[in-house]
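Participant: Based on what follows, work out the 3D shape:
(one chain, ligands or ions: 3)
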Amino acid sequence: MSDWTDCLDFGVSIAKQASETVLAAFLLQKEVQLKSSPADLVTETDQRVERILISAIRARFPLHRFIGEESVAAGEPCVLTDEPTWIIDPIDGTVNFVHRFPFVAISIAFTVNKQTEFGIVYSCVEDKLFHAQRGRGAFLNGEKLQASGQEDVSKCVVVTEIGAERDDLALSTMTSNILRLLQLPVHGVRALGTAAVDMCHVATGGADAYYHIGMHCWDIAASAIIVQEAGGVVMDTDGSDFDMMSRRVIAASSTSVANSIAQVVQAFPCRRDDEDPTRCVCGAAGVKGV
Ligand SMILES: O=P(O)(O)OC[C@@]1(O)O[C@H](CO)[C@@H](O)[C@@H]1O
Ligand SMILES: [Mg+2]
Ligand SMILES: [Mg+2]
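Facilitator: Ligands and ions are numbered 1, 2, ... in the order given. This is a model prediction of the structure:
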């Protein structure tokens, strides 16, 4: 039985190759298009990097499937099957990329039978390569990672994001969540602009928790296994099991911190990533899946 190490090694090498395209464009002026909201941006580089990654993987593993952010935006389905599947965010942190704020990552997760086998997050400008393989630990540039183990939420640095949603309910929910956390109190609240890198900071122990409502599976699939393999926990913001399609996540140093955050954080409605977009629309108004 394959342990998928050949796929992991290939994923790492193409992530590094594709980062050259990201870095070559990083300091240049970008042409920006909007997706679901005025803060949900896409550039030609996002689309090109996704094409580079998918065509390389397809040439090597022709039977594998894909869920890619920009492919889904172009109308491809976002459904996880039992087949080997690569879940790709070509640039996580496109707003950062457009503004030259130096936290942008290529995020690649690989699932089989709907279980994540490995995750790769390459923070391109920082040249930080995070990866984890199921049952084999999490690493940053080859060094083993360990989450902080913190159990007391009042001693935590908590990372979150104000996402791309700009409707009143989403904005008031996101800001009141931050207010309630600060009132616990926690030591600090941070946001880097990329869910993938934010969550990897929980894996390093530099942050103790991360939560987010409204992100997509490609933002967090890779970093979720990196957190778990570093000894952290991931769950839904409602306290149930982690579901990468639910648009809700808590990643934490310990179950007790994750539960404390789940008690404080409220969610606003978001359509699941794998929900048929023709059937129901809730959450922020917009095009392509929000
Ligand atoms: O569209 P992108 O860049 O792939 O991803 C969206 C995203 O960067 O937006 C949020 C911050 O606004 C992050 O949490 C999330 O990862
Ligand atoms: Mg993203
Ligand atoms: Mg992206």
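Participant: Can you get me a residue count around I162?
Facilitator: 17 (other C-beta atoms under 10 Å). Where you see a C-beta, it was placed from the backbone N, CA and C, and this is true even at glycine.
Participant: Surely it forms part of a strand?
Facilitator: No - counting by DSSP: H, G, I helix; E, B strand; the rest coil, I162 is not part of a strand but coil.
Participant: Just give the nearest non-adjacent residue to it, would you?
Facilitator: M174 (5.4 Å; C-beta to C-beta, 6 or more residues apart in numbering).
Participant: Give me the neighbour count for that neighbour.
Facilitator: With other C-beta under 10 Å as criterion, M174 counts 21.
Participant: Looks like C7 contacts F61 (just checking).
Facilitator: Yes - between C7 and F61 there is a contact under C-beta atoms under 8 Å: 6.8 Å.
Participant: Report the closest residue of the stretch 1-150 of the chain relative to ligand 2.
Facilitator: D92 (3.6 Å; C-beta to the ion).
Participant: so what's the residue nearest to P84 when sequence neighbours are not counted up against?
Facilitator: Among residues not flanking P84 along the chain, H64 sits closest, at 4.6 Å (C-beta to C-beta, 6+ apart). By C-beta atoms under 8 Å, 6 or more residues apart in numbering, the contact list for H64 reads I57, R58, E83, P84, T85, W86.
Participant: Regarding the chain, what is its longest helix?
Facilitator: helix 5-26 (DSSP state H).
Participant: Tell me the buried residues in that helix?
Facilitator: 7-8, 10-12, 14-15, 18-19, 21-22, 25-26 (16 or more other C-beta atoms under 10 Å).
Participant: quick one: which of the residues you listed is nearest ligand 1?
Facilitator: V22 (11.8 Å; C-beta to the nearest ligand atom).
Participant: thinking that closest one is in contact with F97, fair?
Facilitator: Yes - using C-beta under 8 Å, V22 is in contact with F97, at 7.2 Å.
Participant: Need the residues touching each of those two.
Facilitator: With C-beta under 8 Å, 6+ apart, V22 and F97 have common neighbours T45, I91, V104.
Participant: distance of the first one from A25?
Facilitator: Meaning T45. 5 Å (C-beta to C-beta, to the nearest Å).
Participant: joint contacts of these two?
Facilitator: Shared contacts of T45 and A25, counting by C-beta under 8 Å, 6+ apart, come down to F97.
Participant: what sits against Q146?
Facilitator: Here Q146 is in contact with G205, A230, G231 (criterion: C-beta under 8 Å, 6+ apart).
Participant: Disregarding flanking residues, what is the spatial nearest neighbour of the last one?
Facilitator: This means G231. With C-beta to C-beta, 6+ apart, the residue lying closest to G231 is A147, at 4.7 Å.
Participant: repeat for the first one
Facilitator: In space, G205 comes closest to S148 once its chain neighbours are excluded; the distance is 4.0 Å by C-beta to C-beta, 6+ apart.
Participant: What segments of the stretch 1-150 of the chain are helices?
Facilitator: Here the stretch 1-150 of the chain has its helices, by DSSP state H, counting those that start in this stretch, at 5-26, 44-60, 69-73, 94-99.
Participant: Once you drop chain neighbours, what's closest to T194?
Facilitator: T194 sits nearest to G93 (C-beta to C-beta, 6+ apart), 3.4 Å away.
Participant: Kind regards, and thank you for your time.
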